[in-house]
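**Student:** Kindly return the folded structure for what I paste below:
(chains A and B)
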Amino acid sequence: MVSVTRRGLLIGGGIVAGAALAGLAVGFGYLSTIDVEGLRPTPPAGDQPVRLNAWIEILKDGRIRLAAPHTELGQGIHTGLAMLVAEELAVPLARITVEHPVKPLPVYANFVLALEKRPEEMTSAFDWVGRRLIGAIGLIATGGSTATVRNYVPLRQAGAVARDLLQRAGAAELGLEPSEVKAEAGAIVDPRSGRRLDYGTLAAAAARLVPQGMPPLKPRTRWTIIGRDAPRLDIPAKVDGAARFAIDQRLPGLLYATVVRPPRFDGTIESVESTAAAAMPGVVKVLPMDDAVGVIAETSFQAMQAAERLAIRFGGGDQPGVSSAKILDAMRAAANDREPGHVFSDRGDVDVALADEADFEATYETPYLAHATLEPQSAVALDDGDTIKFWSGAQSPMPMIQAARAIGRAAETHVTLAGGGFGRRIEGAVLQQAARLAASVPGRPVMVIWRREDDLRWGPFRPAAVARLRAAIGQNAKPRALKAVVATQSVVLGYSARNMPFSTGGAHDKGNVEGLAELSYDIPNFLVAAKHVDTPVPVGFWRSVGHSNTAFFVESFIDELAHRAGADPLRYRMDLLGKDARLRHVCKILGEAAQWSGPGSGSGRGRGVAIHASFRSYVGQVVDVAVSPEKAVKVERIVAAIDCGQAINPQQVRAQLEGAIVFALSAAMAGEITIENGAVTNSNFHDYPMAAMKDVPAIETVIIDSAEPPGGVGEPGTPPLFPALANALFAATAERVRTLPLSRHGYRFA
Amino acid sequence: MADDPQTPLLWVLRDRLNLTGTKYGCGAGLCGACTVLVDKTRAARSCQLRLADVSGAEITTIEGLAAAVGVAARLQQAWIAEQVPQCGYCQSGMIAAATALLIASPHPSDNEIDEGITNICRCGTYPRIRRAIHRAAGTLVEKGAANG
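**Tutor:** Okay, here's the model as predicted:
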């Protein structure tokens, strides 16, 4: 019943976990009781803030508290969601404060992530059941660039229903009909007398009313908030040190901890000699756990110092020969052997078209990559005997609940601001450690912070991949056949093994070929296959996931075909996009914005272009580079165009494009996790370097005006940068880079 | 102060004084998330300063920066105007570094900014940081449609 897809699999495991968690016997009668609309008010109680529905609370002074079940990772989602509510509730945006809800109501679940369609498309019986099941297990999560998609209609509806209650309450108070009053700037107004009743004074009366159907939503032409640049609500606290991340929580009696894990991926803890560490100043406890040894102290630094004094005998590690070089060898062999692999896309007859020999073929390779969020993995936990209270910038509270349950406790989940996410904070390891450490010192809150070296070494990582692409060229130099075989590691398999109660066995992970399997180019004979290469290296969701690999493969390959044909690379792409009007339009707008006039004539300067559709959005990028004879690369200009449907907060769409581009630029130039003897050799930012101020030019962004429903914006800007940069280098130097990072070929930032 | 004089200033600020605006990012002086202002003149990475090193020095963290140095208040306003922060984790250190830059060079060129700010922002806010520094310095030149 639950579809076997990448994110579907994630949910498949989650449903079982959640059902076991709540001890549910799922049936129709039960499902009917699960509220997945969340639109009913809660009867007011005393002076408490009045809850008009699952999202909206009104305080006495008229301020609005929005429960946003999405983690603010930096993507500006809290402001975007507040804008949706403000538009329909008719309140100034600045009156809204946004908090991640503590109580995991079913209505907060991320149905889009699970069911892979928009809420407004969830009309079938399957969707009816699916939403309630997913709500019942509390699948609250931030990922897959879904939060705006998930909330675009429901949060406007929540605002509209709440406004309607206030309007009826205000009209009654004024002795008028609801149609005779207006909702305006946080008040109900009688236009004739000018009398105003603030929402704060009307909320209690409004909460005693029953919602009557769904009021019509404002038409786009009457919007005053959505689609206009709005300042982010969280930014003032992020310029004066007031913003509180997980590592900034200061609870009474707080203790600090760090952990030591086996250097090898499959290592175990055999024995721990902790006498010296325990004697260090401030050390409270040394706690051996399944996968790590924890040290609790009075300060973080004391814990980190003591961790270095632990003498641990590690076991396991029975795959000492594992190395990233050997893994890439295995992936190369898999990409080239005669096994068909798992076919994800197949039209026409590729094998006939390619006959014995392709007109052109190329093999591309990408490395393992780390997220390297600037706030390392961190969490606070407090065990009060029955319940573990958590504070962490997790991308989902579910791993908190699972971590508490694993030691026989309930969970109270506080999702804090996160110092970067990028997919890293959907993992439960640090939460499991926090729960176990807290349980060892009941009544005392414990903050676990991973040292940077540990954060970088333990993964999970974006998987390395090797892709072999072969084409047969037909009329007008266009490909009439394309066969792509991608050899890589399944992210879903690794994720579920680490975070789910059983392995969902997703070796055939469509995420390995996402962005390639559904390629928009008109190529009549087309086949995409994937091969899962099993390794002990933990892999996970990394900003744009499979697209971060596939965009590099296919957009490098198409660029090669264009250059071989002597065609303009942008024109060549547009001519292949007859069926995809949106991506074609992105090309047109991008070309105009970048004043595209071809890739340039080499001699150390060049331009590259790449386009890619992902997460319901369409992005194109043009990169200009200047390359010295010593291979010092100056990125001189980056232009990006996006069609993300309706942009909610355009300046934040731009911010996400900028950020996604810089994220990829770091990775493309020198991002490479290297593994030797079953362990990561990188340790900190000196050997896993980031692009810095001097490496990043002004980034020009164009948002295509669109009234289509929103697509994602957190991830779609990342994939095209890899090929656009490699294509620019080719234009500048005539060296075609098919293996990332660029540093492998001697390139560096100027 | 109960801490060993060898304790890095970062952890004294964070765990003893509860001045949590200064962040831990790498512990190796590489990322700059822990940058503070020393003697109201220069930026320093507090994970690389031992408590013993700063005896007698005046340390200003993000919490007190705007009150201590006028240029920092202007930078904070510029940071808001340019909508710089994303996750925000690096921004205390960025603003401390930018403060020192503007004290040393009140009207910096792009090149001075690029060379002077070596902190890491994992969210990639560099272009907006560059604009915000120019805005605070009164050297912002509007060009093209960027961030329009």
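
**Student:** so how many other residues sit close to residue 28?
**Tutor:** No chain specified, so I'll use chain A. Applying other Cβ atoms under 10 Å in any protein chain shown, we find 8 other residues in the vicinity of A:Phe28. In short, each C-beta sits where N, CA and C put it, glycine included.

**Student:** look at chain B instead
**Tutor:** 16.

**Student:** likewise A:Gly443?
**Tutor:** Close neighbours of A:Gly443, defined as other Cβ under 10 Å, add up to 10.

**Student:** now A:Pro629
**Tutor:** Count around A:Pro629 with other Cβ under 10 Å applied: 7.

**Student:** Tell me who's in contact with it.
**Tutor:** A:Gly604 (Cβ atoms under 8 Å, 6 or more residues apart in numbering or on different chains).

**Student:** Please report how far it lies from chain B.
**Tutor:** Relative to chain B, A:Pro629 is positioned 22 Å away (criterion: Cβ to the nearest Cβ, to the nearest Å).

**Student:** Just say helix, strand or coil for that residue.
**Tutor:** Under DSSP: H, G, I helix; E, B strand; the rest coil, the three-state class of A:Pro629 is coil.

**Student:** got it, and A:Ile611?
**Tutor:** Quick answer, by three-state DSSP: A:Ile611 is strand.

**Student:** what's near enough to touch it?
**Tutor:** With Cβ under 8 Å, 6+ apart, A:Ile611 has these contacts: A:555, A:573, A:583, A:586-587, A:590, A:618-621, A:720.

**Student:** go with 6 Å
**Tutor:** A:583, A:620 (Cβ atoms under 6 Å, 6 or more residues apart in numbering or on different chains).

**Student:** how many other residues sit next to the closest residue to chain A within chain B?
**Tutor:** Residue of chain B nearest chain A, by Cβ to the nearest Cβ: B:Gly21 (2.1 Å). Using other Cβ under 10 Å, B:Gly21 has 26 other residues around it.

**Student:** That one - that's part of a strand, no?
**Tutor:** No - according to three-state DSSP, the state of B:Gly21 is coil, so it is not within a strand.

**Student:** Excluding chain neighbours, what is closest to it?
**Tutor:** A:Gly241 (2.1 Å; Cβ to Cβ, 6 or more residues apart in numbering or on different chains).

**Student:** wait, what's in contact with whatever residue of the stretch 51-200 of chain A ends up closest to chain B?
**Tutor:** At 3.1 Å from chain B, A:Gly74 is the closest residue in the stretch 51-200 of chain A, using Cβ to the nearest Cβ. The neighbours of A:Gly74, taking Cβ under 6 Å, 6+ apart as the test, are B:86-87, B:123.

**Student:** where does chain B come near chain A, residue by residue?
**Tutor:** Neighbours of chain A within chain B, by Cβ under 6 Å from any Cβ of the partner chain: B:7, B:11, B:15, B:18, B:20-21, B:25-28, B:30-31, B:33, B:62-63, B:76, B:79-80, B:83, B:85-92, B:114, B:117-118, B:120, B:122-124, B:126-127, B:144, B:146.

**Student:** if we can go back for a sec, pLDDT score assigned to the residue of the stretch 51-200 of chain A closest to chain B?
**Tutor:** pLDDT for A:Gly74: 98.

**Student:** Helix or strand: which one has it?
**Tutor:** Assigned by DSSP states H and E, A:Gly74 belongs to no helix or strand.

**Student:** quick one, phi psi at it?
**Tutor:** A:Gly74 adopts backbone torsions of phi 120, psi -10, taken as degrees, to the nearest 10.

**Student:** Pull up the gap between it and A:Thr142, please.
**Tutor:** Noted for A:Gly74: a distance of 11 Å to A:Thr142, by Cβ to Cβ, to the nearest Å.

**Student:** same question, A:Ile58
**Tutor:** From A:Ile58 to A:Thr142 the distance is 25 Å (Cβ to Cβ).

**Student:** swap in A:Ala726?
**Tutor:** 31 Å.

**Student:** who has more neighbours, those two?
**Tutor:** Per other Cβ under 10 Å, whichever of A:Ala726 and A:Thr142 has more neighbours is A:Thr142, with 29 against 26.

**Student:** May I have the residues that are in contact with the more buried one?
**Tutor:** Per Cβ under 6 Å, 6+ apart, neighbours of A:Thr142: A:70-71, A:395.

**Student:** between the residues you listed, which is nearest B:His107?
**Tutor:** A:Thr71 (39.6 Å; Cβ to Cβ).

**Student:** Check residue 121 and give its pLDDT.
**Tutor:** Since no chain was named, I'll use chain A. So A:Glu121 comes in at 96 (pLDDT).

**Student:** that answer is for a different chain, and I need it for chain B
**Tutor:** 98.

**Student:** Could you look up the next helix or strand downstream of the top helix by length along chain B?
**Tutor:** Secondary structure of chain B read by DSSP state H shows that its longest helix is helix B:91-104. Using DSSP H and E, the helix or strand that directly follows helix B:91-104 along the chain is helix B:110-116.

**Student:** now for the helix or strand following that following helix, which elements pack on it?
**Tutor:** Remark: after helix B:110-116, the chain's next helix or strand is helix B:126-137, criterion DSSP H and E. Contact here means 3 or more Cβ pairs under 6 Å, 6 or more residues apart in numbering or on different chains; DSSP states H and E; on that basis helix B:126-137 packs against helix B:70-81, helix B:91-104.

**Student:** coming back round to it: the contacts of A:Gly74, buried ones only, as a PyMOL selection?
**Tutor:** Buried subset of those, written as a PyMOL selection, criterion 16 or more other Cβ atoms under 10 Å in any protein chain shown:
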select buried, chain B and resi 86+87+123
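
**Student:** I'd like the contacts of A:Gly74 as TSV, with distance to A:Gly494 appended.
**Tutor:** Formatted as TSV, the contacts of A:Gly74 follow (distance: Cβ to Cβ, whole Å):
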residue	distance to A:Gly494
B:Gln86	27
B:Cys87	25
B:Cys123	25
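
**Student:** I figured A:Phe359 hits A:Arg470, correct?
**Tutor:** Phe isn't right for residue A:359; it's Asp. No - A:Asp359 lies out of contact with A:Arg470 (Cβ atoms under 6 Å); the separation is 8.5 Å.

**Student:** Could you list the low-pLDDT ranges of chain B?
**Tutor:** Where chain B drops to pLDDT under 70, the residues are B:1-2, B:143-148.
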